[in-house]
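# no letters, just coordinates:
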């Protein structure tokens, strides 16, 4: 049996620069629901706004950046990564241990 281990994480997401404030908020709420469903808790989140990308992603030169801090069991992170990767609303994301 593998021991359950809860850790603190940060999630940086890049969303389409064409997304409206309502669409960005809806995506953030969807992600928060996903994290809560996995027995996690969402801490602070910041919508950092539209910024220049280092390289084009799906023909976009800019992206809407969102940073979310959360706590989740380490065994659930792989499923979160898989779900976020399948989302069409998220251009790129990165989950890191804090």
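Done, it's in. The structure presented is a predicted model; accordingly, all values stated were derived computationally and were not measured.

# could you use CA atoms for every contact and neighbour count after this?
Noted.

# after the lengthiest helix in the chain, which helix or strand is next?
Selection of the longest helix in the chain by residue count, based on DSSP state H, yields helix 21-37. For helix 21-37, the following helix or strand on the C-terminal side (DSSP states H and E) is strand 41-57.

# ok now that next one, how far from the chain's centre?
9 Å (CA atoms, centre = their mean, to the nearest Å).

# that one vs helix 21-37, what angle?
In terms of direction (axes from the mean of the first three to the mean of the last three CA atoms, to 10 degrees), strand 41-57 departs from helix 21-37 by 130 degrees.

# which other helices and strands contact strand 41-57?
Using 3 or more CA pairs under 8 Å, 6 or more residues apart in numbering; DSSP states H and E, the elements in contact with strand 41-57 are helix 21-37, strand 60-73.

# contacts for that strand, please.
Contact with strand 41-57 is made by 17, 32, 35-36, 61-72, 91, as judged by CA atoms under 8 Å, 6 or more residues apart in numbering.

# I figured residue 68 hits residue 8, correct?
No. In terms of CA atoms under 8 Å, residue 68 does not count as a neighbour of residue 8; the distance is 10.8 Å.

# for residue 76, give me its contacts.
Contacts of residue 76 by CA under 8 Å, 6+ apart are residue 38.

# number of nearby residues for residue 13?
21 (other CA atoms under 10 Å).

# for the protein, what are the low-confidence residue spans?
1-3 (pLDDT under 70).

# rerun at 80
Applying pLDDT under 80 to the chain flags the ranges 1-4, 38.

# what's the local residue count around residue 81?
13.

# same question, residue 69
Other residues lying near residue 69 total 19 when counted by other CA under 10 Å.

# now do the contacts for the closest residue to it other than its chain neighbours.
Nearest non-adjacent residue to residue 69, counting by CA to CA, 6 or more residues apart in numbering: residue 10, 4.5 Å away. Residues near residue 10 by CA under 8 Å, 6+ apart: 67-70, 95-98.
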